[in-house]
Structures are given as C-alpha cells and as structure tokens.
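Enquirer: I'd like to go over a predicted model; first the sequence, then the structure.
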Amino acid sequence: MHDDPASPPALEELGFQYQPVAPITPGVLGWHEALVRWHLPDGTIRGPLEVLPYWLGPHRQPAFTRFTVDRAASRLQGDAHARLSINLSPRQVTHPAALAALEALLPEVRGRLIVEITEQRDRRISQLRSSLEALSERCHIVLLDDIGVDELLGGNRMLEPVDGIKLDRSVLLALADRERRAAIATAVRTQAERYPIVVAEGIEHPAQVEWLAGMGVTHLQGFAIGHPAARLEAAAWRSDVGTADTGRRAAPRTVPPRYRRS
C-alpha cells in the first residue's frame with residue numbers, strides 16, 4: 001500500500017460501493033450494482049475514472065477481471081439473499097480470464113451474479129456475440145450498459161443474446177425535451193417489448209417512477225432511488241419504489257429471458 005495518490009492504485013486498495021437497482025413492480029427482484037472505488041490510506045475515496053484507465057491496460061486487465069469477479073463472489077457468498085451486478089468491458093468479456101473466473105465460481109453464486117457490459121460499441125461484433133453467449137451460460141443475467149439516445153433509436157444494432165439494457169441519463173434528458181419526447185418514448189416502449197429488463201439510470205426525482213413505468217421500464221437507479229453505500233446492507237432503496245428496503249423479502253419471480261436459456 002502506498003501513500004502517493006498520484007501513483008497507480010494497487011488491487012488491495014480497491015473495493016466496492018453498492019448502489020441499489022430497484023424494481024418498479026413489487027414481486028420483481030432488484031439487485032445492487034458493485035461500483036469500483038479506490039480507497040486511499042488517508043481515507044479519500046476515488047472513483048472509476050482514476051482506476052479503470054490503469055487497470056484496464058492490456059497487461060493488467062486479466063488480474064483486474066479476476067479481482068472484480070472474485071470480490072463480488074465473496075460478497076455473494078457472505079449473503080445468501082444478495083444479487084450483485086459487476087461491470088465488464090467488451091475487451092474483458094472477450095478475454096479468456098473472464099470466463100475462467102466465472103467458471104470457477106459455485107453455481108449458487110453464479111446464479112445471483114449479473115454482468116453489465118459497458119462501452120459495448122465494439123467493432124469486433126462477431127467475437128463479442130460469441131463471448132456473450134458463453135457469458136450468459138455462466139451468470140444469472142447479462143445487460144448492455146450505457147445505452148444512450150443514439151443506441152436506443154438504432155436499437156436493431158444492439159447485441160444479443162442479452163436479457164436487458166440500461167438506459168443512461170441522456171435518455172431521461174431527451175424525454176424532457178418536448179420535440180424529442182414522443183420518438184424517445186416510442187423507442188423505450190419498443191425495447192421494453194424486446195427485453196424483459198429495462199433499467200433507467202440517473203433517476204433524480206420520485207415523480208419519474210410512474211412516468212417510466214408507463215413506458216415499460218422495469219427497474220430504476222439513481223440518487224432519488226438510493227445512494228451508493230460502503231456496506232451492502234446499508235444500500236436500501238426508497239420504500240415507496242417497488243419492494244421496500246433491499247428487496248430481500250420479495251417473492252422471487254423469474255424474468256423470462258427472450259434470447260437465451262429457458
């Protein structure tokens with residue numbers, strides 16, 4: 001462990017904060033996203049922009065992938081009711097280290113692990129599709145993260161097999177634009193018919209809940225839903241959104257994937 005904040009982060013200095021992804025409809029299970037954080041010796045906590053450029057470098061990426069999977073698995077083993085999502089980039093997913101790390105997990109742990117594919121605008125489409133198929137056999141749910149307005153409107157170019165998408169905050173901003181609202185709302189409804197899981201990120205006001213539910217959005221994430229917390233048990237979502245507390249008393253309901261395992 002080092003004391004120079006300008007030097008690269010060591011793996012042992014990295015950890016997670018947990019942010020709830022709350023279901024809109026009671027009875028549908030939510031989960032928590034594991035957000036990587038850099039914990040400096042002086043107590044300062046730094047975000048992913050100061051971690052990922054270093055640890056996603058070609059020679060360090062496999063170790064970081066294994067760290068991410070193993071740290072999430074350890075947390076899942078410690079809480080039999082938890083469900084966690086982790087972020088993997090296309091380059092991580094297409095590297096053998098990701099599948100090897102997932103393959104090493106107990107089936108009961110893999111059954112509660114969700115993988116969010118970030119920055120999926122990858123030119124190696126055929127290779128990524130093959131990796132997604134293999135990934136979907138080794139974890140609970142696969143989502144495409146960071147779906148913006150361009151990707152939403154060009155939805156036919158999205159990759160499968162996946163179980164759902166996460167709409168970034170640019171979609172909410174576009175929905176607030178009167179001239180664009182109708183087209184964006186139609187696109188959201190189209191994707192909600194296509195995918196069993198549609199998450200809206202960047203929720204900053206509870207009034208957005210009913211509005212988005214009417215478009216077929218299934219889950220919400222944002223400061224109005226629940227802030228990131230250092231402890232999983234402290235990362236509860238609003239009691240008036242979907243199921244109260246952390247959702248652990250919800251009756252499990254399987255979300256039927258439309259593009260993969262039955």
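Expert: Alright, I've got the coordinates.
Enquirer: The strand or helix carrying V142 pairs with which strands?
Expert: Per DSSP states H and E: V142 is located in strand 141-147. Strand pairing for strand 141-147, determined by DSSP bridges: strand 113-117 (parallel), strand 164-167 (parallel).
Enquirer: now the strands for this structure?
Expert: Along the chain, the segments classed as strands by DSSP state E run 14-23, 31-39, 45-46, 84-88, 113-117, 141-147, 164-167, 197-200, 219-220.
Enquirer: before we move on, back to that, right, and the strands paired with strand 141-147 - which one's nearest L232?
Expert: For L232, the closest of these is strand 113-117, at 13.8 Å, according to CB to CB. For every residue, glycine as well, the C-beta is placed using N, CA and C.
Enquirer: And the pLDDT at the closest residue to R46 other than its chain neighbours?
Expert: Using CB to CB, 6 or more residues apart in numbering and skipping residues adjacent in sequence, the residue nearest R46 is W38, 4.2 Å away. As predicted, W38 sits at a pLDDT of 95.
Enquirer: what bridges to W38?
Expert: Where W38 sits in a bridge, its partners, by DSSP bridges, are L14, R46.
Enquirer: Provide a list of residues in contact with it.
Expert: For W38, the contact set (CB atoms under 8 Å, 6 or more residues apart in numbering) comprises P9, E13, L14, I45, R46, G47, E50, V51.
Enquirer: Now do the closest residue to the first one other than its chain neighbours against E116, distance only.
Expert: Computed as CB to CB, 6+ apart, the closest residue to P9 that is not its neighbour in sequence is W38, at 4.5 Å. Taking CB to CB, to the nearest Å as the measure, W38 and E116 are separated by 20 Å.
Enquirer: Report the buried residues of stretch 163-182.
Expert: For stretch 163-182, the neighbour count (16 or more other CB atoms under 10 Å) marks D163, G164, I165, K166, L167, D168, S170, V171, L172, A174, L175 as buried.
Enquirer: Contacts for it, please.
Expert: Under CB under 8 Å, 6+ apart, the answer for stretch 163-182 is 116, 136, 141-149, 152, 158, 184-185, 188, 191, 195-203, 208, 217-218, 221-222, 255, 257-260.
Enquirer: One more: stretch 199-219?
Expert: Contacts of stretch 199-219 (CB under 8 Å, 6+ apart): 21-25, 28, 30, 143, 164-169, 171-172, 185, 188-189, 191-193, 196-198, 220-225, 238, 240-241, 255.
Enquirer: Equivalent analysis for stretch 138-145, please.
Expert: By CB under 8 Å, 6+ apart, stretch 138-145 touches 83, 85, 87, 99, 102-103, 105, 110-118, 120, 132, 135-136, 158-159, 161-166, 197, 199, 255, 257.
Enquirer: what is the rounded mean pLDDT of it?
Expert: Mean predicted lDDT for stretch 138-145 stands at 93.
Enquirer: Ok, stretch 220-231 next?
Expert: 93.
Enquirer: measure it end to end?
Expert: End-to-end distance for stretch 220-231: 20 Å, by CA to CA, to the nearest Å.
Enquirer: where exactly do the helices run in the stretch 151-262 of the chain?
Expert: In the stretch 151-262 of the chain, helices defined by DSSP state H, counting those that start in this stretch lie at 169-175, 181-194, 208-213, listed in chain order.
Enquirer: Dump those into CSV; add mean pLDDT and distance to A234 as well.
Expert: Shown next, in CSV, are the helices of the stretch 151-262 of the chain (pLDDT from 0 to 100; distance: least, CB to CB, whole Å):
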stretch, mean pLDDT, distance to A234
helix 169-175, 93, 24
helix 181-194, 94, 31
helix 208-213, 88, 22
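Enquirer: that older thread, in CSV, list the contacts of W38 along with distance to R180.
Expert: Shown next, in CSV, are these (distance: CB to CB, whole Å):
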residue, distance to R180
P9, 39
E13, 43
L14, 39
I45, 36
R46, 35
G47, 30
E50, 34
V51, 34
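Enquirer: Now the two most distant members of these.
Expert: E13 and G47 (13.4 Å).
Enquirer: neighbour count winner among the two?
Expert: Ranked by neighbour count (other CB atoms under 10 Å), E13 and G47 place E13 first, with 16 against 13.
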